[in-house]
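Peer 1: Sequence isn't available, so here's the structure alone:
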């Protein structure tokens, strides 16, 4: 859905809202992907959200010509004063998106799969989204409740009374070793970004002028967090369920907001 609106007073706003739900059997969401679960009876667990799916996307851009100078509501009438207070314009883009999906996984060591594959834990409770950021040692909290997941049974190569086949038989033992969590069943942190620009256009004649621009990227200096650690139930992974990183700079910046100052002149023929 897209709405364009021009208001009195030289304000123009374009608003776009998108709802989507992309599903696929493959990681990557296309024919170049691969099955994560391919044991007998497990193919249905591959059906899930595309890796790049963002359910809601909101983008709003605006341009506002400040009401000062020649032809405007305030300080209209003085050419000399117009060179200072006239021609100012504020513009920006606001982007809000829900997070991307991820899979809670577990070691597939004892599945004995010849070509690799994916295993997951067993979900034993409600996987509540807690919206925590950073690890406990750094004063943070988990993104989701890690106690909602547990290791599958029969995670040993040694047979026992409860697991008579042990984990050495891919066919007979696998039914006891796989989890029940589907692919991309959890959603990570959302995305927020605002870019702003302020410009000043000065006309010397009808055909000759100059524009001075100040632009900022990620003006609010908001970090864009990556998905949490989704590797479950291992003694050497204390960060399971915690968000510990940010997106690559190509998508978002967690460094101080950069600013650019530029000047250009133009001449109409």
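Peer 2: Yep, that arrived. Here the structure is a predicted model, which means the values were calculated and not measured.
Peer 1: worst-scoring helix or strand of this protein, pLDDT-wise?
Peer 2: helix 174-177 (a mean of 57; mean pLDDT, DSSP states H and E).
Peer 1: Next SSE downstream of that one?
Peer 2: Following helix 174-177 in sequence order, the next helix or strand is strand 186-187 (DSSP states H and E).
Peer 1: That following strand - contacts with which helices or strands?
Peer 2: Helices and strands touching strand 186-187, by 3 or more C-beta pairs under 8 Å, 6 or more residues apart in numbering; DSSP states H and E, are strand 101-102. In short, each C-beta sits where N, CA and C put it, glycine included.
Peer 1: Name every strand pairing with the strand it packs on and say which way it goes.
Peer 2: Within its sheet, strand 101-102 is paired with strand 186-187 (antiparallel), according to DSSP bridges.
Peer 1: average pLDDT for the helix or strand that the partner strand is followed by?
Peer 2: Downstream of strand 186-187, the first helix or strand assigned by DSSP H and E is strand 191-203. Across strand 191-203, the average pLDDT comes to 91.
Peer 1: Name the surrounding residues that touch strand 191-203.
Peer 2: For strand 191-203, contacts defined as C-beta atoms under 8 Å, 6 or more residues apart in numbering pick out 54, 83, 87-99, 209-220, 222, 224, 247, 252.
Peer 1: Describe which strands it pairs with in its sheet and in which direction.
Peer 2: strand 88-97 (antiparallel), strand 208-216 (antiparallel).
Peer 1: looking at the ones you listed, which one has the lowest mean pLDDT?
Peer 2: Lowest mean pLDDT within those: strand 208-216, at a mean of 87.
Peer 1: Buried residues, it. List them.
Peer 2: Using 16 or more other C-beta atoms under 10 Å as the test for burial, strand 208-216 gives 209, 213, 215-216.
Peer 1: Closest to residue 189 out of the residues you listed?
Peer 2: residue 216 (22.6 Å; C-beta to C-beta).
Peer 1: and the closest one, bridged to which residues?
Peer 2: Here residue 216, judged by DSSP bridges, has bridge partners residue 196, residue 259.
Peer 1: Residue 237: neighbouring residues, count only.
Peer 2: By the criterion of other C-beta atoms under 10 Å, residue 237 has 13 neighbours.
Peer 1: give me phi/psi at it?
Peer 2: phi -130, psi 80 (degrees, to the nearest 10).
Peer 1: Thought residue 231 was touching it, still the case?
Peer 2: Yes: when contacts are counted by C-beta atoms under 8 Å, residue 237 is listed as touching residue 231 (5.3 Å).
Peer 1: Find me the pLDDT at residue 13, would you?
Peer 2: Predicted confidence (pLDDT) for residue 13: 95.
Peer 1: ignore the last one, residue 87
Peer 2: Here, the pLDDT recorded for residue 87 equals 86.
Peer 1: Just list whatever residues bridge to the residue nearest to it when sequence neighbours are not counted.
Peer 2: Closest residue to residue 87 apart from its sequence neighbours, by C-beta to C-beta, 6 or more residues apart in numbering: residue 201 at 4.0 Å. Counting by DSSP bridges, residue 201 is bridged to residue 211.
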